[in-house]
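> Got a predicted structure plus its sequence, pasted below:
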Amino acid sequence: DEPTNHLDLKSKAVLKEALQSFDGSLVVVSHDRDFLSDMTQLVYEVTPTGLKQYIGDIKQFLHEKHAASISAYEANKTVKVSSKKASQDAQASKASPSSGGDDYKARKARDKALRKAKNAVERHEKKVAELEAKLEESNAAIAAVDPGDRSKVTEMAYAFEALQTEMQETINLWEKAVEEHDRLQTEAASM
């Protein structure tokens, strides 16, 4: 399926049906996501550093790549926000407590909540990094296993899927922690 080989919708559907009914293995190279949808079980990504293997459908691969790019963007954004907040915190800590005890206590409580939220963000970022490493190791192990050993491939695929689920749950927790941190930071800035 070369971009210059334009197939009409009917021809593409007939070709897809024929390929899906084939019992053997196929290597399909295509830029057409719709064509690849519900037809792939393994996806190979060609990167500048080499070839990466992903188990699953093209939709799952694209979802994970999108989540990974969002998490990388958000992690970079969080680092910038955190370093900016750290310098603001350092300046605020140099100032002496205000004469009103209630203001001082409220500020201390707010700062404590902000530190707790920041720690949660960092903890989830660390967990995401660990899971990314485990997923890469799992991908490499799956690529190295004999495809004829179906029980081993199945076992490894289930383990990989469990890691992906854990990754998604961790990303969800991380997103909530970032939202809470941002909310607390906005509140602190408005006071």
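Received, thanks.
> so after the lowest-mean-pLDDT helix or strand in the chain, what's the next helix or strand?
Taking mean pLDDT, DSSP states H and E as the measure, the chain has helix 58-94 as its least confident helix or strand, at a mean of 60. Where DSSP states H and E defines the elements, the next helix or strand beyond helix 58-94 is helix 101-144.
> Determine the set of other helices and strands touching that next one.
strand 50-55, helix 58-94, helix 150-190 (3 or more CB pairs under 8 Å, 6 or more residues apart in numbering; DSSP states H and E). Heads up, the C-betas are built off the backbone N, CA and C, glycines and all.
> change it to 6 Å
Under the contact criterion of 3 or more CB pairs under 6 Å, 6 or more residues apart in numbering; DSSP states H and E, helix 101-144 touches helix 150-190.
> Would you mark the buried spots in stretch 175-183?
Of all the residues in stretch 175-183, those buried under the rule 16 or more other CB atoms under 10 Å are 177-178, 180-181.
> In TSV, list those along with distance to Ala106 and pLDDT.
Formatted as TSV, those follow (distance: CB to CB, whole Å; pLDDT from 0 to 100):
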residue	distance to Ala106	pLDDT
Ala177	23	89
Val178	24	87
Glu180	18	88
His181	18	87
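> Check these and tell me the two furthest apart.
Val178 and Glu180 (7.4 Å; CB to CB).
> coming back round to it: want to throw the buried residues of stretch 175-183 into JSON lines with distance to Lys12?
JSON lines is the format used below for the buried residues of stretch 175-183 (distance: CB to CB, whole Å):
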{"residue": "Ala177", "distance to Lys12": "44"}
{"residue": "Val178", "distance to Lys12": "41"}
{"residue": "Glu180", "distance to Lys12": "47"}
{"residue": "His181", "distance to Lys12": "47"}
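> Tell me the one of those residues nearest Asp8?
Taking CB to CB as the measure, Asp8 lies nearest Val178 of the buried residues of stretch 175-183, at 45.8 Å.
> measure that closest one to Glu130 for me?
Distance, Val178 to Glu130, by CB to CB, to the nearest Å: 18 Å.
> tell me, how many neighbours does the closest residue in space to Arg33 that isn't next to it in sequence end up with?
Spatial nearest neighbour of Arg33, excluding adjacent residues (CB to CB, 6 or more residues apart in numbering): Ile58 at 6.0 Å. Applying other CB atoms under 10 Å, we find 21 residues neighbouring Ile58.
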